[in-house]
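*Asks:* I'd like to go over a predicted model; first the sequence, then the structure.
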Amino acid sequence: MRKLARKLLLALLLLGAAGWLLLSFFDANQLKKPVLGWLNEHTELDIAIGRLEFNPLHPYKLLAEDVRLGDWFQAKQLYLELARLSPLAGHTRIAVLDVIDGQVRLDRATDLTLPDNLANITVDELNTKNLILAWDGWEAQGANLKLNGWQPRRNGDWRWWSDMTLSGQVRQLSHPWLEMSRISLEGRIHRRQLQIDNVRSRLFDGLFEASLSLDPTSRELTLNGPRFSHNKLQFSQAPALPEGWTLLLNRASLQDLSITSPWLTANGIDGSLRYLEWQPGALPEARGDWQADEAVLDWLRLDAHQGQLLSNRERLGLSLRGKAYQGNLEAELGWFPQQGRLDIDNLQLLDSKLEWLPDLHWPVPDVRIHKLNLSQTELLSADPALPLSLHGGQLFITDLAWSTEQWRPLSDQARLEGGWNELAYDSLISRRGSFSARLDDTRLLLDELRGEFLEGTVRLSGNLGLYPPHRARLQLEAERLALRRLSSWLRGERGFSGTLSMSATLAGEPKLPQSWEGNLALEGSDVFIERLGLDNWLKARLGEDYTRPRQVDPLLAALDLESSDAFIYKTELKGPVAQGQWQLDGSAVQSVRHLLAIRGKLDFAGGWQLDLGAINDQGCRELAIRLEESWAAPRLRLHQPALDDPCSPWYRGPVPYPAAGLPGRLTEAVRNLPQEP
């Protein structure tokens with residue numbers, strides 16, 4: 001009996017050993033194809049597995065390689081260890097789930113259709129190694145995460161955002177306008193919100209640290225106490241939030257930030273944001289302050305400065321104080337992007353050195369200036385088309401607006417005041433100038449402009465219409481202007497010098513010469529003109545026979561005039577202006593030897609009808625000169641009228657007969673002069 005028992009026990013041991021050996025060499029891949037085929041047919045999982053490792057002796061452990069689920073999940077290896085499997089109760093508890101070298105496209109993910117015996121799934125621990133996550137333009141690479149206490153399926157419903165704790169690292173997180181690397185995080189998902197207690201990362205070559213809350217249901221991302229340090233922000237276009245999302249920042253700190261973009265460049269930014277709430281399509285509601293080493297916005301450049309930000313959805317408010325253009329700056333600005341409007345509530349520049357560039361333009365179509373004050377300003381133009389420089393400039397503007405390429409007042413107090421120590425345009429220089437002007441709804445009112453111009457003095461007042469036909473009215477008084485400066489600036493064919501005084505009261509439309517009305521008077525002294533030999537030309541004409549009126553070729557007359565220079569001791573041209581024509585009467589030019597009187601009309605549009613006369617010492621005209629047609633192509637007629645004895649004076653004006661003039665009848669005196677060898 002004992003021998004039979006020993007044989008039976010030995011047979012059982014051999015049978016057990018043989019079963020253990022058979023199960024150990026069990027190849028699960030033989031069942032993979034029919035099982036996956038059945039699953040894909042009945043559950044629409046669209047699952048594929050390259051290789052399986054499964055031992056029936058350890059039924060709660062599974063290793064799968066080259067796993068793919070639809071077009072949204074794949075992994076190089078997937079390790080599964082079950083803690084509990086209760087198909088009849090519908091409870092499945094996974095002790096460990098490892099995803100190695102996986103890729104998940106969250107924006108393509110779909111709920112999986114599973115049988116009822118998998119109605120509840122709990123994962124005690126989920127680990128990822130080198131995971132790639134992608135969604136809505138975002139991509140996280142190299143994610144090594146650990147999730148604990150996750151129940152993704154409950155009562156047959158998928159709840160991907162169920163409560164859990166998580167921690168880990170992410171090698172890189174990228175977006176078209178954001179890139180983070182070396183991210184470490186600790187947090188949880190609670191009530192369908194991702195709450196990260198602490199996240200640290202590299203951000204734009206700097207450091208970033210914060211706690212955050214992400215609510216995908218309300219599409220809200222909140223950063224609490226974020227710290228940005230040594231970040232170099234670079235944007236090719238303005239950052240934009242996805243539609244419907246909200247970004248909140250509470251108590252943000254900034255340390256040594258820099259910004260580089262097509263519209264703004266700034267360096268050395270330190271400061272804080274008390275709060276920021278940003279939604280697409282509007283300005284952020286924000287409040288903060290900062291200081292920076294420099295900032296460049298288009299052509300506006302700030303050096304070391306401090307600033308404050310107060311913004312709502314419609315208005316961006318900035319307060320600035322510091323250095324700009326080698327001087328001091330204070331500013332209170334308001335920007336309304338929906339209206340394209342900039343409000344300059346207060347702008348003060350002291351001891352600034354400004355530069356005018358060839359491509360300088362004003363990018364804002366609507367500007368409202370409530371108060372602008374420039375003091376001791378220097379301006380230098382780098383534009384060859386505008387050779388301008390200014391020293392000791394002063395400018396004060398209040399309540400003016402620029403819109404639709406037109407100035408307009410904001411109140412009855414709208415005005416401009418200013419002045420300069422030296423103003424140079426090319427070789428023309430003005431010193432110690434000042435002006436005062438006002439603006440109403442239809443006119444620019446120049447109360448006074450005065451200063452030193454061309455080494456003389458100028459006083460100007462009047463008004464100009466803001467709208468077509470831009471009718472103007474001006475009063476001008478200029479005394480002893482140096483023509484030599486004007487000659488050097490014009491660089492004309494003929495140089496000239498001397499002094500000129502002017503008095504004018506005119507009204508009309510600037511672009512319509514025939515509309516001008518008023519009075520104009522010019523008085524010149526000691527005028528020298530190159531290649532305009534008036535004395536020699538008059539002497540030659542008086543010595544010729546023009547007893548009958550005769551047309552003269554104006555080109556030949558011009559050649560004769562160029563044979564020598566002219567000295568004009570005194571010139572007086574005066575008379576009323578009517579319909580754009582200057583009515584000259586009582587006007588004359590006194591040269592070395594002759595007195596040339598002038599009557600007639602000088603048309604501002606470029607024509608003339610003038611009668612000139614060479615006057616003898618009795619005031620009688622002995623050579624009549626008639627100029628007609630246009631200035632560019634004149635008609636010239638000469639005549640020596642017969643004189644009564646005594647003759648009837650043709651000119652009795654203020655210009656005296658020259659002391660070196662010929663006495664008696666001019667024609668006789670000229671013809672009796674000794675002939676030049």
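*Replies:* The structure has been received and is ready for your questions. Residues are numbered from 1 along each chain as shown.
*Asks:* okay, now the unreliable bits of this protein?
*Replies:* Scanning the chain with the threshold set as pLDDT under 70 gives 1-45, 54-59, 88-89, 676-677.
*Asks:* in contact with residue 128, which residues?
*Replies:* 98-100, 102, 143-146, 168 (Cβ atoms under 8 Å, 6 or more residues apart in numbering). Bear in mind the C-beta positions are built from the backbone N, C-alpha and C, glycine included.
*Asks:* ok, now residue 141?
*Replies:* 132, 170-174.
*Asks:* again, only this time at 6 Å
*Replies:* Residue 141 makes contacts with 132, 171-172, as judged by Cβ atoms under 6 Å, 6 or more residues apart in numbering.
*Asks:* one more: residue 183?
*Replies:* Going by Cβ under 6 Å, 6+ apart, residue 183 touches 170, 201.
*Asks:* at 7 Å instead, please
*Replies:* Neighbour list for residue 183: 169-170, 173, 199, 201 [criterion: Cβ atoms under 7 Å, 6 or more residues apart in numbering].
*Asks:* check which helix or strand covers it.
*Replies:* Element membership of residue 183 [criterion: DSSP states H and E] is strand 178-190.
*Asks:* put the alpha carbons of the next helix or strand after that strand into PDB.
*Replies:* Scanning forward in sequence from strand 178-190 by DSSP H and E, the next helix or strand is strand 193-203. Coordinates of each C-alpha in strand 193-203 appear next as PDB, following Å, rounded to 0.1, in the frame of the first residue of the first chain:
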ATOM      1  CA  GLN A 193      -8.900  71.100 -12.300                       C
ATOM      2  CA  LEU A 194      -5.200  70.600 -12.700                       C
ATOM      3  CA  GLN A 195      -3.500  72.100  -9.700                       C
ATOM      4  CA  ILE A 196       0.300  72.300  -9.700                       C
ATOM      5  CA  ASP A 197       1.700  73.300  -6.400                       C
ATOM      6  CA  ASN A 198       5.100  74.100  -7.800                       C
ATOM      7  CA  VAL A 199       6.400  74.100 -11.400                       C
ATOM      8  CA  ARG A 200      10.000  75.000 -12.300                       C
ATOM      9  CA  SER A 201      11.400  75.200 -15.800                       C
ATOM     10  CA  ARG A 202      13.700  76.900 -18.200                       C
ATOM     11  CA  LEU A 203      11.800  79.600 -20.200                       C
END
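*Asks:* mind listing what strand 193-203 pairs with, with the direction of each?
*Replies:* Strand pairing for strand 193-203, determined by DSSP bridges: strand 178-190 (antiparallel), strand 206-215 (antiparallel).
*Asks:* contact partners of stretch 248-268?
*Replies:* The contact list for stretch 248-268 (Cβ under 7 Å, 6+ apart) reads 220, 222-235, 269-277, 290, 292-298.
*Asks:* quick one: end-to-end length of stretch 655-663, please.
*Replies:* Chord length of stretch 655-663, first to last residue, is 17 Å (Cα to Cα, to the nearest Å).
*Asks:* buried stuff in it?
*Replies:* By neighbour count on 16 or more other Cβ atoms under 10 Å, the buried set for stretch 655-663 is 655, 657-658, 661-662.
*Asks:* rewinding a little: just the buried ones from the contacts of residue 128?
*Replies:* 98-100, 102, 143, 145, 168.
*Asks:* of those, just say which sits nearest to residue 191.
*Replies:* residue 145 (20.3 Å; Cβ to Cβ).
*Asks:* need the contacts of residue 141 in CSV (columns: distance to residue 389).
*Replies:* Compiled in CSV, the contacts of residue 141 are given as follows (distance: Cβ to Cβ, whole Å):
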residue, distance to residue 389
132, 62
171, 57
172, 54
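*Asks:* that older thread, now, the buried ones among the contacts of residue 128 that are in helices?
*Replies:* Nothing among these maps onto helices, per DSSP state H.
*Asks:* the residues you listed in strands, which ones?
*Replies:* Among the buried ones among the contacts of residue 128, the ones falling in strands (DSSP state E) are 98-100, 102, 143, 145, 168.
*Asks:* so what pairs up with residue 157 in the strands?
*Replies:* residue 154.
*Asks:* same question but for residue 568, I mixed them up
*Replies:* Residues in beta-bridge contact with residue 568 (DSSP bridges): residue 527, residue 591.
*Asks:* just checking, it touches residue 522?
*Replies:* No - when contacts are counted by Cβ atoms under 7 Å, residue 568 is not listed as touching residue 522 (11.9 Å).
*Asks:* so which of those two has more stuff around it?
*Replies:* residue 568 (21 against 16; other Cβ atoms under 10 Å).
*Asks:* dump the residue contacts of that one.
*Replies:* Contacts of residue 568 were listed using Cβ under 7 Å, 6+ apart, and they are 524, 527, 529, 589-591.
*Asks:* dump the strand holding residue 183 to CSV, keeping only the CA atoms.
*Replies:* This file holds the C-alpha atoms of strand 178-190, laid out as CSV (Å, rounded to 0.1, in the frame of the first residue of the first chain):
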residue,chain,number,x,y,z
LEU,A,178,6.4,79.6,-26.3
GLU,A,179,9.1,77.1,-25.4
MET,A,180,9.9,75.7,-22.0
SER,A,181,12.4,73.0,-21.0
ARG,A,182,13.6,71.0,-18.0
ILE,A,183,10.3,71.2,-16.4
SER,A,184,9.7,69.7,-12.9
LEU,A,185,6.2,69.7,-11.3
GLU,A,186,4.2,68.4,-8.4
GLY,A,187,0.5,68.6,-8.1
ARG,A,188,-2.9,67.0,-8.4
ILE,A,189,-6.1,66.9,-10.4
HIS,A,190,-9.0,67.8,-8.1
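*Asks:* check the offset of that strand from the chain's centre.
*Replies:* In this view, strand 178-190 has its centroid 37 Å away from the chain centroid, taken as Cα atoms, centre = their mean, to the nearest Å.
*Asks:* kindly report the same for stretch 630-642.
*Replies:* 58 Å.
*Asks:* could you do stretch 357-373 as well?
*Replies:* The answer for stretch 357-373 is 9 Å, by Cα atoms, centre = their mean.
*Asks:* what number of residues lie near the closest residue to residue 453 other than its chain neighbours?
*Replies:* Leaving aside its sequence neighbours, residue 453 sits nearest to residue 430 (Cβ to Cβ, 6 or more residues apart in numbering; 4.8 Å). Close neighbours of residue 430, defined as other Cβ under 10 Å, add up to 18.
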